[in-house]
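Participant: Could you look at this predicted model? Sequence included:
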Amino acid sequence: MEYLDLSPISRVAGTVDLPGSKSISNRTLLLAALSRGETLVKGLLASDDTQRMLEALAMLGVQWEQIGDSRDFRVHGCGGDFPVKTADLFLGNAGTAFRPLTAALALAGGTYKLEGVARMHERPIGDLVDALRQAGAQIDYLGVEGYPPLQIKPGQIAGDRVAVKGNVSSQFLTGLLMALPLTGRSFTVEVVGELISKPYIEITLNLLKRFGITVQRNGWSEFVIPGGQTYTSPGEIFVEGDASSASYFLAAGAIGATAAAPVKVTGVGKQSIQGDVRFAEALEAMGAVIERGDNWIAASMPASGKLKAIDMDFNHIPDAAMTIAVAALFAEGTTTLRNIESWRVKETDRLSAMATELRKVGATVEEGQDYLVVTPPASFTPDAAIGTYDDHRMAMCFSLVSLAAPVRILDPGCTAKTFPTYFDELKKISV
Ligand SMILES: O=C(O)C1=C[C@@H](OP(=O)(O)O)[C@@H](O)[C@H](O)C1
Ligand SMILES: C=C(OP(=O)(O)O)C(=O)O
């Protein structure tokens, strides 16, 4: 297996220009495709997840071009009527492609097969399929009930109300909100049970609005999509930097940068629409010094030189929370991450993977069904070989261990899902 040996980094400093947000890139591509007219999408993320969405749209007959070798793309929308009515789509392990495309294609009146990598076939989708069936969609499971791959056939869209469970993935609600306006009918989406990962719904609503779709809401439990709306291209849309990707550099700054020479990320800041910018608040609670501008965030060590442990609910930032689990190795005391059960159905079972790999560097870890308790080691075990489970965030989080000890990251190429150039960027801030 390929690996990357990271030598100990004594200090970090400097600026990282973040790549585009995965969540915004894939939503914007789909909304641009559903709109009439052209959308210029500027600063699209270059990664496996966005490539899967671009390729799927091309297979559906949506025309797009990359402008030169920039990350700007012109998308020629099809007004919700995909030109290709029969297609087999491969969506890798991209939840932000699989879930919203399932919803859009189930309401689009064609015959489509959707599949992904083996792990995607272990990631649940039953709650979304159940909700779409209530609206008249025809969807069959080709493998295990409740999981991809899926076969979609033309359905008879009916009704004005669907209910969806909120406690497994917010991407099901996102998919429904993005796709139901296609029907032209008025629909109410009722969220059953507690909705997780709420800030991702804010991203969805924000982008829907920019594409001309209004949604009325009753807190987090009911969303009303008035009928007769059409997706309207905003003309041009700029993809802000990825706030989850920012977490690794900000944590590095909080562990190993001085106030005089912090680590700064550009592309996200006070104006961001991504919930993961709130990762910086968790670092602040650990004592880190954080500064924010409209389009940047900077982090450095606490004045005391040592981070302190926290006990926090991380349901609102499940992806960036992984970075806290590793930052906890550098804190005084025992850190508890709560309400993170969704980690179990992401790229890998992240609760189990995180516990296993943290123990390799010497930490004491308690793994609960929906929580993790991390006590740092008295001294780090050098040269731990960290398994990454084909999970980009495992590779990126554990690179922070190199701020204390040499560490080997197995299969570092798995960062390609959202951040192919991650290790080059980390090198640039290593002093
Ligand atoms: O909608 C989105 O862009 C995302 C929602 C979150 O998933 P869940 O809602 O499944 O927690 C997050 O983990 C994922 O990386 C991106
Ligand atoms: C959970 C993640 O991805 P996905 O969009 O595939 O759900 C992630 O990027 O951490």
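Facilitator: Sure thing, it's come through. Please read these numbers as outputs of a predicted model, since none were measured by experiment. Ligands and ions are numbered 1, 2, ... in the order given.
Participant: going forward, measure contacts and count neighbours with C-alpha atoms only.
Facilitator: Will do.
Participant: low pLDDT regions in the protein?
Facilitator: For the chain, applying pLDDT under 70 flags no range at all.
Participant: Pick out the residue in it sitting closest to ligand 2.
Facilitator: Scanning the chain for the residue nearest ligand 2 gives Gly95, at 3.4 Å (criterion: Cα to the nearest ligand atom).
Participant: is it true that that residue touches Gln171?
Facilitator: Yes - the criterion here is Cα atoms under 8 Å, and Gly95 meets it with Gln171 at 7.4 Å.
Participant: who are the neighbours in contact with the spatially closest residue to Arg74 that is not a sequence neighbour?
Facilitator: Using Cα to Cα, 6 or more residues apart in numbering and skipping residues adjacent in sequence, the residue nearest Arg74 is Leu40, 4.5 Å away. Going by Cα atoms under 8 Å, 6 or more residues apart in numbering, Leu40 touches Asp72, Phe73, Arg74, Val75, Gly235, Glu236, Ile237.
Participant: thinking again about what came up before, mind checking how far the residue of the chain closest to ligand 2 is from Gly116?
Facilitator: Applying Cα to Cα, to the nearest Å, the value for Gly95 to Gly116 is 10 Å.
Participant: ditto for Phe398
Facilitator: 26 Å.
Participant: Between those two, which has more neighbouring residues?
Facilitator: Neighbours per residue (other Cα atoms under 10 Å) separate Phe398 from Gly116, with Phe398 holding more: 25 against 20.
Participant: Which secondary structure element is home to that one?
Facilitator: Per DSSP states H and E: Phe398 is located in helix 392-398.
Participant: go on, Ile152?
Facilitator: strand 150-153.
Participant: Could you list the residues in contact with that strand?
Facilitator: So strand 150-153 is contacted by 105-106, 109-115, 137-143 (Cα under 8 Å, 6+ apart).
Participant: Now with 7 Å, please.
Facilitator: Ala106, Gly110, Thr111, Tyr112, Lys113, Leu114, Glu115, Gln138, Ile139, Asp140, Tyr141, Leu142 (Cα atoms under 7 Å, 6 or more residues apart in numbering).
Participant: do stretch 205-215 as well
Facilitator: Contact with stretch 205-215 is made by Leu31, Phe223, Val224, Ile225, Gln229, Thr230, Tyr231, Thr232, Ser233, Pro234, as judged by Cα under 7 Å, 6+ apart.
Participant: what's the answer for stretch 220-233, then?
Facilitator: 32, 34-39, 181, 184-191, 211-217.
Participant: do that again at 8 Å, thanks
Facilitator: 31-32, 34-39, 79, 177, 180-192, 195, 210-217.
Participant: Okay, buried residues for it please.
Facilitator: Buried positions in stretch 220-233, judged by neighbour count with 16 or more other Cα atoms under 10 Å: Trp220, Ser221, Phe223, Val224, Ile225, Pro226, Gly227, Gln229, Thr230, Tyr231, Thr232, Ser233.
Participant: Count the residues that sit near Asp5.
Facilitator: Asp5 has 16 nearby residues by other Cα under 10 Å.
Participant: So which elements touch the helix or strand hosting it?
Facilitator: In this structure, Asp5 sits in strand 3-6 according to DSSP H and E. Secondary-structure packing of strand 3-6 (3 or more Cα pairs under 8 Å, 6 or more residues apart in numbering; DSSP states H and E): strand 407-410.
Participant: could you dump the strand it packs on to CSV, C-alpha only?
Facilitator: Output in CSV follows, covering the C-alpha atoms of strand 407-410 (Å, rounded to 0.1, in the frame of the first residue of the first chain):
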residue,chain,number,x,y,z
VAL,A,407,3.7,9.6,11.5
ARG,A,408,3.0,7.4,8.5
ILE,A,409,-0.3,8.0,6.6
LEU,A,410,-1.4,5.0,4.6
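Participant: That one pairs with which strands?
Facilitator: Strand 407-410 sits in its sheet next to strand 3-6 (antiparallel), strand 384-386 (parallel), going by DSSP bridges.
Participant: Doesn't Phe419 belong to a strand?
Facilitator: No - with DSSP: H, G, I helix; E, B strand; the rest coil as the criterion, Phe419 is located in coil rather than a strand.
Participant: Show me the contact partners of stretch 96-109.
Facilitator: Against stretch 96-109 from outside (Cα under 8 Å, 6+ apart): 23, 26-27, 30, 49-50, 52-53, 80-82, 85, 91, 112, 114, 125, 128, 132, 137-139, 152-155, 157, 171-172, 174-176, 178-180, 182-183.
Participant: returning to what we had before: give me the subset of the contacts of stretch 220-233 lying in strands.
Facilitator: Arg36, Gly37, Glu38, Thr39, Phe187, Thr188, Val189, Glu190, Val191, Val192, Gln216, Arg217 (DSSP state E).
Participant: Get me the contact residues on this structure for ligand 1.
Facilitator: Ser23, Thr96, Ser169, Ser170, Gln171, Ser197, Tyr200, Pro318, Asp319, Ser342 (Cα under 6 Å from any ligand atom).
Participant: if you set the cut-off to 8 Å instead, what comes out?
Facilitator: When proximity is defined by Cα under 8 Å from any ligand atom, the chain lies next to ligand 1 at 22-24, 26-27, 95-96, 168-172, 174, 196-198, 200-201, 203-204, 317-319, 342-343, 345-346.
Participant: and the helix holding Phe398, what other elements does it pack with?
Facilitator: Taking 3+ Cα pairs under 8 Å, 6+ apart as the contact cut, helix 392-398 packs with helix 318-327, strand 407-410.
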